[in-house]
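A.B. asks: After the sequence you'll find the predicted model.
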Amino acid sequence: MFIGRKEELKQLESIYSSDHSNLIVLYGREGIGKTALALNFSEKKKYSYYQSVMVSENEQGKRLEELFASSLDLNTDAEPVQDSEKKVLIIDEFHYAMNAQLMAALLKIIGNEDKYGKYMILLLSSSINWVENSMILEYKEFSKAITGIIKIKELSFADTVSWFPKASASDCVVIRALLGGIPKYMRLWQENRRIRENMLNLFFSADSVLKNEAEYQLKLELRELGAYNTILTALASGRIKLNDIYEYTGFNRAKISVYIKNLIEMDIVEKIYSINVRNSENTKKGLYRIKDNFINFYYAYVFPNVSKIETGDGRAVYNECVVPDFDRFMRTAFADVCREYLDIMSKYRKLGKNYNEWHYWFGKNGILDVVGMDQEENMLVATCVYSDKKTDVDQYEEMKKLIGQAGIRPSKLCIFSKSGFTPELQKEAKYDSVMIVSLSDF
């Protein structure tokens, strides 16, 4: 099953249709769907595929020779290729195979179209840090030949809904909050099981498939795993200020900053910037959060309780740690889904104005989950309530209080609610022209 990636496929097809050979880098975290995208794109084309592995340079050379022998002849006396159809060559996890031999061969292919024909070479890598920070520095001359670099990101909420057609919108919000739109993990989810059963099966039993997955992902690129584990545990528990992380970990601030910088470069953590407002004295600054939903869930509930899970007490962990805290955990993930919903509505001109920038505001007394802005700086403000209880007038009043503290004068107000709205709030929202959206409306 192949879901989503319409923009990426369109981009690849556009490059493929060009008159010359191309060298493209596709990169993104392991399990994000790079291979599936490359193979889906190449499905009706002539293509060759090579999976690089961690072996000695000598062994890698032998394997590459077999690849080139089976896909094309690089001998100087070979006859020119008569086939005008552009071929595709996919080298997966190419950072394992990068050496002088491979670079020379690839440059030879794309630089001699008359002899070898036209090629679109797709170089895939799961090492975000290496591609973004080391590749060009290590291979400057080779990098000059790269036509394009495309970063593959997690699937959207809309893609999650398409992936699980039998699941409710509410269930899809939870699935995305747990698995982060990562196809590798989404394939493990059993749609015929309840949320609780899937969570216990994937995270909270001694033989859970994903119980150690987050640490495995970090080990691929990071040393000093213990330090990163500690920082991520602090962030997942809600300690998002540098000083809070310092107090929790005991590391000095300079060390924390270096580690967080590395996590940001891996797309695991992000620095949070509130939208600029009039009353900046009420704004919290210097905040961080785990942006990778899967990593966030793991370090919030699995990693701190791994001993209990290993000894068969995973159900107790779920009941005592996850259930009471889940609404708090879900707020950020729910807000991300609401932001995506508003972005789609704006693009289809359903919000009155074309809001094309999306932010948030972190105040000293609370959070405005979504702040949209158009080119004339008109603002939309939304609050997102994830609770089994209906959203009431008190929460609307709290939202207006925060807007006043921020000094924002919004053109439009929106309230999102997991469980709907009380009759009193529905009446007041209608009177004030506030847009209210429940998950059932998704």
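C.D. replies: Thanks, I have it.
A.B. asks: Tell me the spacing between Gly312 and Glu213.
C.D. replies: 20 Å (CB to CB, to the nearest Å). Every C-beta, even on glycine, is put in place using the N, C-alpha and C of the backbone.
A.B. asks: who has more neighbours, those two?
C.D. replies: Between Gly312 and Glu213, counting by other CB atoms under 10 Å, Glu213 is the more crowded of the two (22 against 10).
A.B. asks: OK, contacts around that one?
C.D. replies: Tyr185, Phe294, Tyr298 (CB atoms under 8 Å, 6 or more residues apart in numbering).
A.B. asks: likewise Ile32?
C.D. replies: Ile32 sits next to Ser126, Ile152, Lys153, Glu154, Ile182, Pro183, Lys184 when contact means CB under 8 Å, 6+ apart.
A.B. asks: okay, now the closest residue to the fifth one other than its chain neighbours: neighbour count?
C.D. replies: The reference is to Ile182. Spatial nearest neighbour of Ile182, excluding adjacent residues (CB to CB, 6 or more residues apart in numbering): Gly31 at 5.0 Å. The burial count assigned to Gly31 is 20, neighbours taken as other CB under 10 Å.
A.B. asks: The chain should start at 44 in everything you say after this.
C.D. replies: Fine by me, first position is 44 from now on; the one you just mentioned is Gly74.
A.B. asks: tell me the SS of the most centrally placed residue in the chain?
C.D. replies: Centroid-nearest residue in the chain, with CA atoms, centre = their mean: Glu197, separated by 3.9 Å. With DSSP: H, G, I helix; E, B strand; the rest coil as the basis, Glu197 sits in coil.
A.B. asks: That one and Leu222 touch, don't they?
C.D. replies: No - applying CB atoms under 8 Å as the test, Glu197 and Leu222 come out as separate, 9.0 Å apart.
A.B. asks: what touches both of these two?
C.D. replies: Residues touching both Glu197 and Leu222 (CB under 8 Å, 6+ apart): Asn336.
A.B. asks: how near is Val96 to Ile225?
C.D. replies: Taken as CB to CB, the span from Val96 to Ile225 is 22 Å.
A.B. asks: So between these two, which is more surrounded?
C.D. replies: The neighbour comparison of Val96 against Ile225 (other CB under 10 Å) goes to Ile225, with 23 against 12.
A.B. asks: Start from the N-terminal end of the stretch 344-485 of the chain and give the strands.
C.D. replies: Ranges of strands in the stretch 344-485 of the chain, per DSSP state E, counting those that start in this stretch, are 400-406, 409-416, 422-428, 455-460, 478-481.
A.B. asks: can you list the domains in the chain?
C.D. replies: According to automatic domain parsing, the chain comprises the domains 49-194, 200-375, 376-484.
A.B. asks: Let's have these in a markdown table, adding mean pLDDT.
C.D. replies: Formatted as a markdown table, those follow (pLDDT from 0 to 100):
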| stretch | mean pLDDT |
| --- | --- |
| domain 49-194 | 88 |
| domain 200-375 | 93 |
| domain 376-484 | 95 |
